[in-house]
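Visitor: Compute the structure for the input listed below.
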Amino acid sequence: MPADLVILNARTRALFAPAGSSAIAIRDGRILALGDDAAMRALSGPATQVIDAKGAELLPGFIESHLHLFTGGATLSMLNLGPVFGFDAVKAAFDAFIRANPGQGILFGYAVNYTIFGEDRRPDRHILDAICTDRPICLMATDLHCAWANTCALELAGVLHGADVGPGSEVVMGPDGLATGELREFAAMNRVKMLSPLRGRDGLDYRGGDAVSDDDRAHDRALIQLAGEYCARHGITSAVNMDGNEYQAGLMRDLALAGQMPVRVSLPLRLEEIDGPEGVARIEDFGPEVPGWLRFGRIKLFMDGVYDTWTALTVSDYPNRPGFRSAPLIAPAIFVAICIEADRRGLQVATHAVGDGAVRATIDGYQAASRANGPRDARHRIEHIDTITPEDMDRLVPLGITASMQPVHPPGSAGLPLEPTTTIMGRDRWPTAFPWRMILDRGVALAFGTDWPVSPISPLYAIHCALTRTPWAPDMPDQRLTLEECLSAYTTGGAYADFAETRRGRLEVGLDADLVLIAGALEGLAHDSDAARIALTVCGGRITHMEA
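Guide: This is a model prediction of the structure:
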């Protein structure tokens, strides 16, 4: 039988394809053959689609190892304030956004830097009131762990006079006895997010169980499909979601069965301390997977928050805060019990850990699971590892832990300011902050992602950030990676972290036909973020994006 799709006149690199390969043939969603143009042309027939790559580079499809599809889809209709700084610029952007979105409903800005109004002033309701008083507005911090609302939004959400939002979250109060407008962590933020038509269904802490109308389900499916299409435009063929519940599982299964998902999805069950080890069984409520397109098999936990809200768990005191190290979002004994139960069931555990104390507690939990159940190829993951102690770094390989990291997260990269993060973190933690080089040199399995919509989703931009990162001080180590190390973290590393290395991550006969064509020069990303672009994305043999 002839090939369904043939790509000719491409460049490949030895990292991924046999020497001399300039073309590829695809049939039934798998790679049929690789070779020179003449050999692949011979495999085409009357119905074969033939694409001239025009010298573009052929790579395996990018595996985005940490993102939030539902939330990301929602932000595509929000105001992106990532590149905006200063009151006048923010007000002008919001004025235009309000004109473009008439009505009385709440409006959101996202990707907001903590220093959007200057290094000496965090956002608050007063400054947001000066932007808009008669309509609720909310700014979501770039890390999605903090938000700021104007007085109107706080009143409508019922938190202007404060609220008990449970441990680990906070409605920050001012000396006047009223909320300042700053909402720290998910439970506090969700009070205002409930004002949106989504009513928090896209939130990282949404637990499901609500009655959702057919119209709302259709709306939510459309957002996730839109997010999948956005992934495809950036060369992504596999998306490892980092929040999940029964509701999302149903939406994504509907899309996958209808052939409307442009990207493969790996979806976890997100658990909290209150769930305890008994909560692990809830993954059975997800229902059947869709082979090749939607799979489960993982739980997601949060051990801490982020440095900018002083919610990262640390092994030593925060600078200028004697005795303060924050607190774990899951008590150690409960975390260990959850890890043991998940591991016993053969599930992978992925834990958000930003502070060095959170990383240590996560490693302790994985070690306890290995001791209780016996060693196995679990590939339990630590998400982020913004900071880690040298001694804990040496514990990763013996336990088979995978590091899931984001090149767009270090302050000073991807347009992020150094402050306030670097000062809050403290200089003593800088030498092993975001330590990609140290992690890789120790032989730790490394997978790259962006945490979109926390950061821009483009793998090419993330690679540019990894290649060009500048140490925060002359005496700090250089954590940059090589181009091929970055490409590996986005392909073979991502496949390994997702237990998909026998199907994806390489250009090899019999593997899934997940491919991307890169126009321009990848080597140029070491100097210019625009040196390369996505010309074509193919997922499962189907073209999901083609450059106009």
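Visitor: All the helices of the stretch 351-500 of the chain, residue numbers only.
Guide: Using DSSP state H, counting those that start in this stretch, the helices of the stretch 351-500 of the chain run over 356-373, 390-393, 421-425, 436-441, 459-468, 483-489, 492-497.
Visitor: Show me the one of those that comes nearest L522.
Guide: helix 483-489 (6.1 Å; CB to CB). Using the backbone N, CA and C atoms, a C-beta is placed for each residue, glycine as well.
Visitor: Report the buried residues of stretch 44-64.
Guide: Across stretch 44-64, burial judged by 16 or more other CB atoms under 10 Å covers 44, 48, 51, 53, 56-64.
Visitor: follow-up on the earlier one: I'd like the helices of the stretch 351-500 of the chain written out as a markdown table, with mean neighbour count, mean pLDDT and distance to Q260 added.
Guide: Output for these, formatted as a markdown table (neighbours: other CB atoms under 10 Å; pLDDT from 0 to 100; distance: least, CB to CB, whole Å):
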| stretch | mean neighbour count | mean pLDDT | distance to Q260 |
| --- | --- | --- | --- |
| helix 356-373 | 22 | 98 | 36 |
| helix 390-393 | 15 | 98 | 42 |
| helix 421-425 | 20 | 97 | 39 |
| helix 436-441 | 18 | 98 | 35 |
| helix 459-468 | 25 | 98 | 23 |
| helix 483-489 | 22 | 98 | 29 |
| helix 492-497 | 26 | 98 | 23 |
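Visitor: Quick one: closest of those to I31.
Guide: helix 492-497 (14.0 Å).
Visitor: buried residues in the helix or strand following the closest one?
Guide: Using DSSP states H and E, the helix or strand that follows helix 492-497 in sequence is strand 515-520. By neighbour count on 16+ other CB under 10 Å, the buried set for strand 515-520 is 515-518, 520.
Visitor: could I get the residues you listed as TSV with distance to T389 and pLDDT?
Guide: TSV is the format used below for these (distance: CB to CB, whole Å; pLDDT from 0 to 100):
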residue	distance to T389	pLDDT
L515	40	98
V516	37	98
L517	42	98
I518	38	98
G520	40	98
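Visitor: and the direction of the strand of greatest length in the chain versus that of helix 459-468, what angle?
Guide: Ordering each strand of the chain by length in residues (DSSP state E) puts strand 532-539 first. Angle, strand 532-539 to helix 459-468, by axes from the mean of the first three to the mean of the last three CA atoms, to 10 degrees: 130 degrees.
Visitor: Following the chain past strand 532-539, name the next helix or strand.
Guide: strand 542-546.
Visitor: Would you mind getting the angle between that next one and strand 515-520?
Guide: 20 degrees.
Visitor: Direction included, what does strand 542-546 pair up with?
Guide: Strand 542-546 sits in its sheet next to strand 532-539 (antiparallel), going by DSSP bridges.
Visitor: average model confidence for stretch 442-457?
Guide: Averaging pLDDT along stretch 442-457 yields 97.
Visitor: Could you tell me which residues within it count as buried?
Guide: In stretch 442-457, counting by 16+ other CB under 10 Å, buried: 444-457.
Visitor: Start and end of it, how far apart?
Guide: 27 Å (CA to CA, to the nearest Å).
Visitor: Does I7 fall in a helix, a strand, or a coil region?
Guide: strand (DSSP: H, G, I helix; E, B strand; the rest coil).
Visitor: Pull the contacting residues for it.
Guide: Counting by CB atoms under 8 Å, 6 or more residues apart in numbering, I7 touches 23-24, 26, 40, 50-51, 53, 58, 515, 517, 536.
Visitor: and if you look at G287?
Guide: 246, 249-250, 253.
Visitor: where's it relative to G250, distance?
Guide: 7 Å (CB to CB, to the nearest Å).
Visitor: before we move on, what about W436?
Guide: 36 Å.
Visitor: try D528
Guide: Distance from D528 to G250, counting by CB to CB: 43 Å.
Visitor: Which one of those two is surrounded by more residues?
Guide: G250 (18 against 12; other CB atoms under 10 Å).
Visitor: what's the pLDDT at the more buried one?
Guide: For G250, pLDDT reads 97.
Visitor: How about G203?
Guide: For G203, pLDDT reads 85.
Visitor: before we move on, what about V280?
Guide: pLDDT, read off for V280, is 98.
Visitor: Just give me the neighbour total for it.
Guide: 23.
Visitor: Could you pull up the residues touching it?
Guide: With CB under 8 Å, 6+ apart, V280 has these contacts: 269, 271, 299, 338, 341-342, 345, 347.
Visitor: Going by distance to R282, which of those residues wins?
Guide: In terms of CB to CB, no member of these lies closer to R282 than L269, at 5.9 Å.
Visitor: what about the closest one, distance to D205?
Guide: 13 Å.
Visitor: Give me the more crowded residue out of the two.
Guide: Taking L269 and D205 together and counting by other CB under 10 Å, L269 has the greater number of neighbours (27 against 17).
Visitor: What pLDDT is listed against the closest residue in space to that one that isn't next to it in sequence?
Guide: Nearest in space to L269, with sequence neighbours left out and distances taken as CB to CB, 6 or more residues apart in numbering, is I283 at 4.3 Å. I283 carries a pLDDT value of 98.
Visitor: Give the burial count for I283, as a bare number.
Guide: 22.
Visitor: distance of the closest residue to R321 other than its chain neighbours from C146?
Guide: Counting by CB to CB, 6+ apart, R321 lies nearest to W310, which is 7.5 Å off, once chain neighbours are set aside. Distance, W310 to C146, using CB to CB: 10 Å.
Visitor: returning to that earlier point: which ones among the contacts of G287 map onto helices?
Guide: Assigned to helices by DSSP state H, the following of the contacts of G287 qualify: 246, 249-250, 253.
Visitor: need those residues in TSV with distance to L183, can you?
Guide: Formatted as TSV, the ones in helices among the contacts of G287 follow (distance: CB to CB, whole Å):
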residue	distance to L183
E246	26
A249	28
G250	29
R253	33
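Visitor: what's the closest of those residues to G103?
Guide: Of all the ones in helices among the contacts of G287, the one sitting nearest G103 is G250; the distance, using CB to CB, is 29.7 Å.
Visitor: so how far is Y206 from the closest one?
Guide: Applying CB to CB to G250 and Y206 gives a distance of 13 Å.
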